[in-house]
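Novice: got a predicted structure here, sequence first:
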Amino acid sequence: METVEQVYLDRIKLMRITAALFVTLCAALMALMITYCNKKVVVISNYEEEISSSEVAAKTKNNVTWKIKTSASKGSNIHIPVESTDIEYDMDYVNKIFTVKIPDDKGKFYMENVPYGDFEDVKDVTGRFDGEYVTYTMPMNRPLEPKLELTGEEAVFSFASISHEKPIVLLDPGHGGNAIGNKAGGLLEKEVVLKIARKVEELSKDKDFKVILTRNIDRKVGMGECISIVNIVKADYYISLHLDVDVEDSKTFGMRASYNADYYRDGFENVDFADKLLRSVVSSTANKAVELFEAGEEELVLKVLKIPAATLYLGYISNTSEAGLLSEDAYIEKIARGIVDALSECE
């Protein structure tokens with residue numbers, strides 16, 4: 001038989017357990033409320049605003065997501081009303097997702113002026129505002145080549161099947177997303193190589209080859225994805241772009257290139273492709289060639305591709321002088337012109 005003291009102690013224990021459960025429940029409810037407050041989802045029609053998007057934007061500073069109906073199409077292409085011409089866009093060829101990023105610190109304009117047009121190849125459209133960017137995400141029925149034309153206050157995107165009228169060069173700016181690559185002197189490798197890749201694409205518009213980028217925004221593309229993209233777009237050439245760093249000697253500078261010696265085509269081996277690229281870029285930038293070397297096992301993409309492929313290491317950001325050059329648009333263009341010139345000589 002329990003004593004009075006034991007009953008009292010049992011009740012105290014029960015009260016403590018109950019109190020702990022209550023505190024846990026309150027914490028969970030509070031977390032749920034915070035999540036709800038920080039992320040609101042609204043639905044906006046293309047032609048009739050179903051709820052007050054401006055009111056939602058006014059109440060929530062960031063992390064707002066909204067859906068845009070695509071059941072009805074109006075006009076051709078996809079039209080996005082914009083307040084800025086600083087627009088980034090990207091086609092994820094593997095996952096078939098088209099993304100548009102526009103810098104904006106309010107979000108109100110884009111919630112009230114939604115994309116419209118021909119959504120035949122688009123499954124749905126989601127808009128998101130995070131306090132710095134408005135991002136439109138559009139899963140596609142198939143991977144397509146996007147083309148941007150700025151007309152007045154709109155960004156107009158047209159899409160076409162991947163054409164093979166010209167040889168396709170797949171350009172892979174290394175890293176991206178959480179994988180920043182090498183970092184020194186305020187420079188991030190992922191950002192510099194993306195700028196180079198975009199400039200190569202721009203300078204090759206009127207050439208006898210076509211450049212496709214594995215990524216055109218800040219997102220990570222893994223080695224497996226690169227290989228998949230080569231097959232999806234049926235690339236004829238592959239070039240990966242990287243920067244170097246020397247932690248032991250900050251005076252080291254120059255450029256390198258690697259290749260897969262196991263692949264060759266009569267009259268044009270991978271070593272010839274890498275050598276042509278390296279010589280052209282070094283000449284264009286008045287830099288120096290440090291090394292032309294066979295790719296190791298860590299360069300999986302080069303090891304498995306059955307097309308001319310090379311990796312360019314376009315300078316040491318651990319060298320203060322070279323890092324300074326890599327931060328200049330004029331030098332970026334010189335690198336890009338060197339790559340374009342070399343590709344123009346490939347048959």
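Specialist: Arrived safely.
Novice: now do the contacts for the closest residue to K276 other than its chain neighbours.
Specialist: In space, K276 comes closest to A342 once its chain neighbours are excluded; the distance is 4.9 Å by C-beta to C-beta, 6 or more residues apart in numbering. C-beta here means a position set from N, CA and C on the backbone, and glycine is covered the same way. The neighbourhood of A342, defined by C-beta atoms under 8 Å, 6 or more residues apart in numbering, consists of K276, L277, R279, S280, V281.
Novice: quick check: the farthest pair among these?
Specialist: Spanning the widest gap among those are K276 and V281, at 9.8 Å by C-beta to C-beta.
Novice: just want to know which of the two has more residues nearby.
Specialist: Ranked by neighbour count (other C-beta atoms under 10 Å), K276 and V281 place V281 first, with 26 against 19.
Novice: strands along the stretch 151-300 of the chain, start to end?
Specialist: 154-160, 168-173, 183-184, 187-188, 210-213, 237-244, 255-259, 264-265, 268-269, 289-294 (DSSP state E, counting those that start in this stretch).
Novice: what is the first one packed up against?
Specialist: Using 3 or more C-beta pairs under 8 Å, 6 or more residues apart in numbering; DSSP states H and E as the contact criterion, the elements in contact with strand 154-160 are strand 78-81, strand 97-103, strand 145-151.
Novice: quick check, L326 in contact with V193.
Specialist: No: assessed by C-beta atoms under 8 Å, L326 is found out of contact with V193, at 9.7 Å.
Novice: got any residues that touch both of those two?
Specialist: L243, L314.
Novice: circling back to that earlier point, how about the helix or strand that contains the residue nearest to K276: buried residues?
Specialist: Secondary structure assignment for A342, by DSSP states H and E: helix 329-344. Residues 331-343 are the ones in helix 329-344 that count as buried (16 or more other C-beta atoms under 10 Å).
Novice: do stretch 198-214 as well
Specialist: Applying 16+ other C-beta under 10 Å to stretch 198-214 flags R198, K199, V200, E201, L203, S204, K210, V211, I212, L213, T214 as buried.
Novice: the helices in the protein, which residues?
Specialist: 4-38, 53-59, 108-112, 189-203, 223-233, 270-285, 300-304, 320-326, 329-344 (DSSP state H).
Novice: re earlier: distance to I102 added to the buried residues of stretch 198-214, as TSV?
Specialist: As requested, the buried residues of stretch 198-214 are exported to TSV (distance: C-beta to C-beta, whole Å):
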residue	distance to I102
R198	17
K199	21
V200	24
E201	20
L203	25
S204	25
K210	26
V211	24
I212	23
L213	19
T214	22
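Novice: picking that back up, mean confidence (pLDDT) on the helix holding A342, please.
Specialist: Averaged over helix 329-344, pLDDT sits at 98.
Novice: please apply the same query to stretch 94-112.
Specialist: On average, stretch 94-112 scores 93.
Novice: got it, and stretch 224-240?
Specialist: For stretch 224-240, mean pLDDT rounds to 96.
Novice: what's the answer for stretch 153-165, then?
Specialist: The pLDDT scores in stretch 153-165 average 94.
Novice: CA atoms of that stretch as PDB?
Specialist: Included here for stretch 153-165 are C-alpha records, laid out as PDB according to Å, rounded to 0.1, in the frame of the first residue of the first chain:
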ATOM      1  CA  GLU A 153       8.600  46.600 -70.400                       C
ATOM      2  CA  GLU A 154       8.600  42.900 -71.100                       C
ATOM      3  CA  ALA A 155      11.000  40.000 -71.300                       C
ATOM      4  CA  VAL A 156       9.800  37.700 -74.100                       C
ATOM      5  CA  PHE A 157      11.000  34.200 -74.200                       C
ATOM      6  CA  SER A 158      10.700  31.900 -77.200                       C
ATOM      7  CA  PHE A 159      11.500  28.200 -77.200                       C
ATOM      8  CA  ALA A 160      12.700  25.900 -79.900                       C
ATOM      9  CA  SER A 161      13.800  22.300 -80.200                       C
ATOM     10  CA  ILE A 162      17.600  21.800 -79.900                       C
ATOM     11  CA  SER A 163      18.900  22.400 -83.400                       C
ATOM     12  CA  HIS A 164      21.900  20.500 -84.800                       C
ATOM     13  CA  GLU A 165      22.400  22.600 -87.900                       C
END
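Novice: which of the residues in it are buried?
Specialist: In stretch 153-165, counting by 16+ other C-beta under 10 Å, buried: E154, A155, V156, F157, F159, I162.
Novice: look up how far L170 lies from the second one.
Specialist: Put plainly, it is A155. To L170, A155 is 25 Å away according to C-beta to C-beta, to the nearest Å.
Novice: so what's the residue nearest to G324 when sequence neighbours are not counted up against?
Specialist: Excluding its sequence neighbours, the residue lying closest to G324 (C-beta to C-beta, 6+ apart) is G185, at 7.8 Å. Residues in contact with G185 (C-beta under 8 Å, 6+ apart) are I317, T320, A323, G324.
Novice: on that earlier part again, got TSV for the contacts of A342, with pLDDT too?
Specialist: Formatted as TSV, the contacts of A342 follow (pLDDT from 0 to 100):
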residue	pLDDT
K276	96
L277	98
R279	97
S280	98
V281	98
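Novice: now those residues in CSV, with distance to N178?
Specialist: Output for the contacts of A342, formatted as CSV (distance: C-beta to C-beta, whole Å):
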residue, distance to N178
K276, 34
L277, 28
R279, 34
S280, 32
V281, 28
